[in-house]
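> One predicted model, sequence on top.
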Amino acid sequence: MKAVVYNGPRDVTVKNVPDAKIERPTDVLVKITSTNICGSDLHMYEGRTDFEKGRVFGHENLGEVIEVGNAVDRIKVGDMVCLPFNIGCGFCRNCEAGLTAFCLTTNPDPKMAGAAYGFADMGPYNGGQAEYLRVPYGDFNCLKLPDDAREKETDYVMVADIFPTGWHSTELAGVKPGDTVVVYGSGPVGLMAAYSATLKDASMVMVVDRHPDRLRLAEKIGAIPIDDSKVDPVQQVMDLTQGRGADKGCECVGYQAHDPQGHEHPNMTMNNLVKSVKFTGGIGVVGVFIPQDPGSPDKLYKEGEITFDWGLCWFKGQSIKTGQANVKAYNRHLRDLIHVGKANPSFIVSHKLSLDDAPNAYQNFDARNDGWTKVVLRPGQ
Ligand SMILES: NC(=O)c1ccc[n+]([C@@H]2O[C@H](COP(=O)([O-])OP(=O)(O)OC[C@H]3O[C@@H](n4cnc5c(N)ncnc54)[C@H](O)[C@@H]3O)[C@@H](O)[C@H]2O)c1
Ligand SMILES: [Zn+2]
Ligand SMILES: [Zn+2]
């Protein structure tokens, strides 16, 4: 089968790899029809993780079931399914508690919890930027889509990761109706966080970034764009909230946060959040941070550490929650919002391309080139 293979920093090719196949009786085999490129892929693409050369990328996957293992009951050949980026077992103590991003059995590394497709340190599973994908524990991990699956495919494929992840950041922050919310990052995840806050009836949503195309999308869904290349974002949030700060804050950038000139400061968004969220406010961090980053220009962050305004955070009585999104905790509900027409997360999608276009798409999305806000690859087209 054809797949997007990582060769080394900023180098992917589309080439033939061994076909994905049923390996265990609980597996399901999916013919991928939509698979997104994610900001998480970019950390790996840039060589800033230990993603192995020769592996296949792709953790935001949707497609048609073409084969099921002997022990699969619920999922049938022909079903259209969206796959959470997390691979859960369904029976460990974390999966049972709904914490499928921290599954205790699907990652063979005993020091790790959580597995994902085509993801550094998240188990040996290949990604779905390919013609076919093996889905372990298919009954547990497949989200069945309704009869409008093909028609609304570009909306539904956002449910594999970024829509639930954006939603998760608002859950971690504790967003409630009437809240004011500041989101750092207007990439796909930040836009989904802003969209989720809006769906939860936030009274005001502010989004900080410096890319006009991304900020325009934030504005389109009713958020207030804040361009930190032109204004001090903390001051702007203060001014918009009568000097109190936002009730809740979402971190949707991660460890490669940088200033508008491009210099990385892994503590930048966290410290800006502490400053721009109110006393007793909540902060949800879904931007990825990692324990070791040898490629970091920041000395401390090579060991995953940052200088953090702990004193101010403590003084303000803020709460911080973090981590990968437990996609299964939200994906049915978000699917249903799409089905009834109350959510259309595909508004962020700028490009629908064939698998063969992946190298060019990676290059443009990685450069955050104007107009490249989210890419969906469509194998077989
Ligand atoms: N927790 C999860 O489950 C989960 C899931 C998906 C993605 N992620 C992570 O979320 C993060 C965002 O993903 P994405 O797909 O939106 O990526 P992206 O890289 O396309 O978007 C990040 C945005 O942040 C902006 N930015 C950079 N520095 C900034 C700063 N100091 N202040 C404000 N904005 C800044 C960039 O200009 C960019 O638009 C990544 O770290 C990704 O790995 C986490
Ligand atoms: Zn993703
Ligand atoms: Zn589990």
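Yep, it's here. Ligands and ions are numbered 1, 2, ... in the order given.
> State the three-state secondary structure for the nearest residue in space to V286 that is not next to it in sequence.
Spatial nearest neighbour of V286, chain neighbours left out: S169 (4.3 Å); criterion: CB to CB, 6 or more residues apart in numbering. (Each C-beta comes from the backbone N, C-alpha and C, glycine too.) Secondary structure state of S169, per DSSP: H, G, I helix; E, B strand; the rest coil, is helix.
> Contact partners for S169?
Neighbouring residues of S169 by CB atoms under 8 Å, 6 or more residues apart in numbering: 183, 189, 193, 196, 250-252, 284-286.
> Does N36 lie in a helix or a strand, and which?
Take DSSP states H and E as the rule and N36 turns out to sit in strand 28-37.
> ok, which pair from the contacts of S169 is furthest apart?
S196 and V285 (14.9 Å; CB to CB).
> quick revisit: filter the contacts of S169 down to just the ones in helices.
Secondary structure from DSSP state H places 189, 193, 196 of the contacts of S169 in helices.
> Name the nearest residue to the last one, ignoring sequence neighbours.
Across the structure, with CB to CB, 6+ apart as the measure, the residue nearest S196 apart from its sequence neighbours is W167 (4.3 Å).
> Around that neighbour, how many other residues sit close by?
31 (other CB atoms under 10 Å).
> neighbour count winner among S196 and V285?
S196 (28 against 23).
> That one and S169, how far apart?
Distance, S196 to S169, by CB to CB, to the nearest Å: 8 Å.
> okay, the residue nearest to the spatial centre of the chain: pLDDT?
Closest residue to the average C-alpha location of the chain: I162 at 4.0 Å, with CA atoms, centre = their mean. Per-residue pLDDT puts I162 at 98.
> is it true that it touches D41?
No. In this structure I162 lies outside contact range of D41 using CB atoms under 8 Å: 11.7 Å.
> With adjacent residues omitted, what lies nearest to V77?
Spatial nearest neighbour of V77, excluding adjacent residues (CB to CB, 6+ apart): V65 at 5.5 Å.
> outside of stretch 349-369, which residues touch it?
Counting by CB under 8 Å, 6+ apart, residues outside stretch 349-369 touching it are 2-4, 10, 12-14, 37, 41-42, 45-46, 129-131, 154, 187, 211, 214, 371-381.
> Of those residues, which belong to helices?
Per DSSP H, the subset of the contacts of stretch 349-369 in helices is 41-42, 45, 154, 214.
> most neighbours, which of those residues?
Highest count within these by other CB under 10 Å belongs to D41, 27 neighbours.
> who are the neighbours in contact with that residue?
Neighbours of D41 in contact, by CB under 8 Å, 6+ apart: 57-59, 118, 362.
> Neighbour-wise, give me the winner out of those.
Going by other CB under 10 Å, G118 tops these with 30 neighbours.
> Helix or strand: which one has the closest residue to that one other than its chain neighbours?
Nearest in space to G118, with sequence neighbours left out and distances taken as CB to CB, 6+ apart, is G127 at 2.1 Å. Using DSSP H and E, G127 sits in no helix or strand.
> about what we covered before: using CSV, lay out the contacts of D41 together with secondary structure and pLDDT.
Below are the contacts of D41 laid out as CSV (DSSP: H, G, I helix; E, B strand; the rest coil; pLDDT from 0 to 100):
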residue, secondary structure, pLDDT
F57, coil, 98
G58, coil, 98
H59, coil, 98
G118, coil, 98
Y362, helix, 98
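> from these, which is closest to F85?
For the contacts of D41, the residue nearest F85 by CB to CB is H59; the value is 3.9 Å.
> surely the residue nearest to S196 meets N331?
No. The criterion here is CB under 8 Å, and W167 misses it with N331 at 9.4 Å.
> Among the contacts of S169, which ones are in strands?
Among the contacts of S169, the members falling in strands (DSSP state E) are 183, 250-251, 284-285.
> How many neighbouring residues does N7 have?
Counted with other CB under 10 Å, the neighbours of N7 add up to 12.
> Doesn't it lie inside a strand?
Yes. Secondary structure of N7 (three-state DSSP): part of a strand.
> do you know how far it is from E52?
Using CB to CB, N7 is found at 11 Å from E52.
> ditto for A361
A361 is 21 Å from E52, where distance means CB to CB.
> which of the two has more neighbours?
The residue with more neighbours, out of A361 and E52, is A361; 22 against 10, by other CB under 10 Å.
> Is it correct that the more buried one falls within a helix?
Yes. Under three-state DSSP, A361 sits within a helix.
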